[in-house]
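J.: Mind looking at a prediction? Sequence and model below.
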Amino acid sequence: MFKELAYKPGWLFALTLIFGLSLAAYSNSFHAGFQLDDGHQISDNPSIRDISNAPRFFTDAALSADPYIPRRIYRPVTLIAFTLCYAVFGLDVFGYHLLNFVLHVVVSSLVFIVIRKVCEAGSADKTWLPLIAALVFALHPIQTGTVTYISSCSVLLASLFFLLSFYAFLRYRNGPDSGRAVWAALAPVLYMTGLFSKEMAVSLPVVMLVYDFIFTFPKMASLRGRLRAARFYLPFMAALLLFLVFKKSFQGSLGDDRATYSVYTYFISETKVLLMYVRLLFLPVNQNEVYNLPITRSVDLLVAVSLMLVAASLVFLYRIRRINPVAAFFGSWFFIVIAPESSLVPIMDIAFEHRLYLPSVGFIAALAMLASQVKFGSAKLKKAVALSIIALLPILTFNRNHVWATTNTMWDDVSRKNTGPDWAYYFEDIFVAHWNMGEYYLSIGEKERAIEQFKLVTGGKPPYTVPAYERLGDIYYGLERYREAAETFKAEADITPDDASVLYNLAVSEMHAGDLDAAETDMERALKFSSDDYGVRYNLALIYYKKGRHSEAVRHARAAARLSPGDSERAEAELLVAQLEGGG
């Protein structure tokens with residue numbers, strides 16, 4: 001590959017242009033804060049702070065996140081990348097953004113190289129079209145969900161090794177005999193490295209098979225020759241099988257065990273998401289990191305339209321495979337590469353923009369090839385249109401990166417784009433947006449605005465409502481708005497009636513609000529579930545003290561003294577006993 005670059009100065013110009021325009025588009029992204037999964041995967045993950053953990057990443061999926069997060073993801077190569085980045089930059093976000101940017105530029109350069117190689121095989125234009133497609137890929141604002149989102153380094157790494165492996169495959173199929181063995185040995189190793197980065201690389205053998213179906217097999221006269229060519233896939237199948245065994249053994253499951261819907265429900269929901277993805281590729285406006293999409297549970301008109309369009313597209317690609325093989329191949333690439341995450345394997349999140357990163361290579365390349373054949377004007381006019389698009393895309397990307405700047409800008413954008421009365425029936429992660437906005441406002445002391453956000457979360461359903469009620473109650477209590485705190489904890493207690501800590505919070509708030517009868521009732525309920533808790537005993541003593549029932553207050557105060565976790569608590573309880581026995 002590098003030898004080719006040295007003897008083709010046009011390539012150097014193309015790669016320099018990709019780098020320069022990408023730098024302009026992402027120049028405002030290098031100090032964007034940690035977002036979403038960045039917390040539990042990077043900033044709160046102790047395993048990446050010790051480079052000696054690198055071998056363990058291949059055998060312990062629990063190291064993928066903050067140990068307090070009960071989620072296991074098997075992506076050891078990605079964890080190694082984070083560990084190396086931490087070794088150099090610590091928790092300075094600049095280093096992680098720099099890594100993502102460099103990976104994106106390298107991937108975009110590989111996109112140019114791969115498209116050029118396929119164009120050579122298909123006797124298509126290999127000068128302007130590969131460069132235009134690579135630039136559109138590099139500068140498209142849909143890629144911000146991968147490049148600017150630090151945790152999507154996994155997508156970048158998987159895409160890098162996917163493209164490197166596919167390039168090795170192309171060199172094996174079309175290169176001189178002298179070097180074919182090296183490329184044949186390298187390709188499956190790169191493929192497995194991609195799988196160890198993120199599971200999305202799984203589709204590569206199917207992409208290679210479609211390439212062979214369109215470009216390689218038609219040149220072979222005999223079935224025996226095609227079967228010999230197909231032997232190339234055996235190491236890939238072995239690599240995939242080994243990866244699945246590793247993933248099942250060390251992660252505990254092959255899929256996303258957080259997904260709560262069936263394969264059928266996920267599939268028909270994704271048919272609608274596919275239409276949204278295509279719209280975003282054509283018209284990248286109103287982007288959103290958390291899409292407020294309804295889960296579809298039965299076939300409706302939009303599902304039917306989507307399925308018919310997919311079927312028509314596949315028939316069209318099959319029919320043009322001889323007259324425009326490059327467009328047919330890359331169009332197939334789009335559907336094949338997007339399928340693992342957007343078809344039959346349920347994932348908790350219905351839609352994410354970073355799932356379009358590698359599939360968009362096929363979509364953009366196919367569109368470029370088809371557009372070049374449309375007779376709508378001269379070649380100069382077509383180039384002018386292409387250059388206009390390329391000039392606009394970095395501006396859109398630069399503007400989209402503003403949203404990623406801080407937790408505030410991110411979740412403000414998400415919450416503004418996801419409103420309406422039907423949230424409870426929509427994609428549940430929308431409540432995460434309001435939760436994060438509430439946490440942000442709380443961190444900067446804007447408690448009233450935090451209250452507004454947490455109230456919105458309580459309009460949803462478990463598991464979001466219970467912690468939102470708790471957070472709201474804590475805020476009200478801290479503001480000495482005890483009646484509102486009591487009302488909030490009462491709503492939480494209605495959901496979790498056997499939770500002693502919730503009943504305790506409710507009773508303390510009622511006590512401070514002056515409702516001693518309710519406080520007594522709820523603290524006695526808490527006592528049934530947590531009779532050996534110092535706080536329950538001590539505050540029950542205070543309630544009885546305030547009600548003038550001193551003998552009962554003394555009994556609970558003495559129990560509190562025995563249960564006290566430390567000297568200060570014991571002294572506090574003993575002082576109350578002394579006051580009560582002294583008539584105070």
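T.: Ah, there it is. Residues are numbered from 1 along each chain as shown.
J.: Stretch 84-102 spans what distance, first to last residue?
T.: Across its full length, stretch 84-102 reaches 15 Å between end residues, using C-alpha to C-alpha, to the nearest Å.
J.: Give me the residues contacting it.
T.: Residues from elsewhere that reach stretch 84-102, judged by C-beta atoms under 8 Å, 6 or more residues apart in numbering: 22-23, 26, 29-34, 42-43, 48-49, 51, 81-82, 146-148, 150, 152-153, 156. Where you see a C-beta, it was placed from the backbone N, CA and C, and this is true even at glycine.
J.: ok, now with 10 Å
T.: With C-beta atoms under 10 Å, 6 or more residues apart in numbering as the test, stretch 84-102 has contacts from 19, 22-23, 25-27, 29-35, 38, 42-45, 48-51, 54, 81-82, 146-153, 155-157, 404.
J.: I figured F282 was touching F363, is that so?
T.: Yes - checked against C-beta atoms under 10 Å, the pair F282 and F363 is within contact range at 9.3 Å.
J.: who's more crowded, the two?
T.: Set F282 next to F363 and count neighbours by other C-beta atoms under 10 Å: F363 wins out with 25 against 9.
J.: show me what contacts that one?
T.: Going by C-beta under 10 Å, 6+ apart, F363 touches 133, 136-137, 140, 277-278, 281-282, 330-331, 333-335, 337-338, 356.
J.: and which of those residues is nearest to P294?
T.: Y277 (16.3 Å; C-beta to C-beta).
J.: State the number of residues packed around the closest residue to the closest one other than its chain neighbours.
T.: Nearest residue to Y277, sequence neighbours excluded (C-beta to C-beta, 6 or more residues apart in numbering): L356, at 5.6 Å. Other residues near L356 come to 26 when the count uses other C-beta under 10 Å.
J.: Against K248, how distant is L356?
T.: Noted for L356: a distance of 28 Å to K248, by C-beta to C-beta, to the nearest Å.
J.: Then D532?
T.: 42 Å.
J.: Break the chain into its domains for me.
T.: With domains defined by automatic domain parsing, the chain comprises 2-30+92-249+358-403, 410-581.
J.: quick one, what contacts T78?
T.: 41, 57, 64, 151-158, 196-198.
J.: just I475 next, same as before
T.: Contacts for I475 (C-beta under 10 Å, 6+ apart) come out as 438, 442, 447-448, 450-451, 454, 481, 484-485, 488.
J.: Counting neighbours, which bits of the helix or strand hosting it end up buried?
T.: Using DSSP states H and E, I475 sits in helix 465-478. Within helix 465-478, the residues that count as buried by 16 or more other C-beta atoms under 10 Å are 465-466, 468-477.
J.: between those, which is closest to L241?
T.: Lowest distance from L241 to those (C-beta to C-beta) belongs to V466, with 42.2 Å.
J.: Next up, the contacts around that closest one.
T.: With C-beta under 10 Å, 6+ apart, V466 has these contacts: 458, 491-492, 495-496, 499, 502.
J.: mind exporting the helix or strand harbouring L241 as CSV, just the C-alpha atoms?
T.: Element membership for L241, per DSSP H and E: helix 234-251. The C-alpha coordinates for helix 234-251 follow below in CSV (Å, rounded to 0.1, in the frame of the first residue of the first chain):
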residue,chain,number,x,y,z
LEU,A,234,-12.0,-20.6,5.8
PRO,A,235,-9.6,-18.6,8.0
PHE,A,236,-12.2,-15.9,8.4
MET,A,237,-14.8,-18.4,9.5
ALA,A,238,-12.3,-19.8,12.0
ALA,A,239,-11.5,-16.3,13.3
LEU,A,240,-15.2,-15.5,13.6
LEU,A,241,-15.9,-18.8,15.5
LEU,A,242,-13.0,-18.2,17.8
PHE,A,243,-14.2,-14.7,18.5
LEU,A,244,-17.7,-15.9,19.3
VAL,A,245,-16.4,-18.5,21.7
PHE,A,246,-14.2,-15.8,23.5
LYS,A,247,-17.1,-13.4,23.6
LYS,A,248,-19.6,-16.0,25.0
SER,A,249,-17.0,-17.2,27.6
PHE,A,250,-15.8,-13.9,28.9
GLN,A,251,-18.8,-11.6,28.4
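J.: Show me what it packs onto, helices and strands only.
T.: helix 153-174, helix 180-197, helix 204-211 (3 or more C-beta pairs under 10 Å, 6 or more residues apart in numbering; DSSP states H and E).
J.: what's the shortest one packed up against?
T.: Read that as helix 204-211. So helix 204-211, by 3+ C-beta pairs under 10 Å, 6+ apart, packs with helix 153-174, helix 180-197, helix 234-251, helix 325-338.
J.: Export those as a markdown table, with columns for mean pLDDT.
T.: Shown next, in a markdown table, are these (pLDDT from 0 to 100):
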| stretch | mean pLDDT |
| --- | --- |
| helix 153-174 | 96 |
| helix 180-197 | 95 |
| helix 234-251 | 93 |
| helix 325-338 | 97 |
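J.: closest to V310 out of those helices?
T.: helix 325-338 (7.2 Å).
J.: who touches the spatially closest residue to L195 that is not a sequence neighbour in this structure?
T.: In space, L195 comes closest to F243 once its chain neighbours are excluded; the distance is 4.4 Å by C-beta to C-beta, 6+ apart. Residues in contact with F243, defined by C-beta under 10 Å, 6+ apart, are 74, 191-192, 194-196, 199, 201-202.
J.: Next, format the residues you listed as JSON lines and append neighbour count and distance to A238.
T.: Output for the contacts of F243, formatted as JSON lines (neighbours: other C-beta atoms under 10 Å; distance: C-beta to C-beta, whole Å):
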{"residue": "Y74", "neighbour count": "26", "distance to A238": "18"}
{"residue": "Y191", "neighbour count": "27", "distance to A238": "10"}
{"residue": "M192", "neighbour count": "22", "distance to A238": "9"}
{"residue": "G194", "neighbour count": "28", "distance to A238": "15"}
{"residue": "L195", "neighbour count": "25", "distance to A238": "12"}
{"residue": "F196", "neighbour count": "25", "distance to A238": "15"}
{"residue": "E199", "neighbour count": "23", "distance to A238": "17"}
{"residue": "A201", "neighbour count": "28", "distance to A238": "15"}
{"residue": "V202", "neighbour count": "21", "distance to A238": "14"}
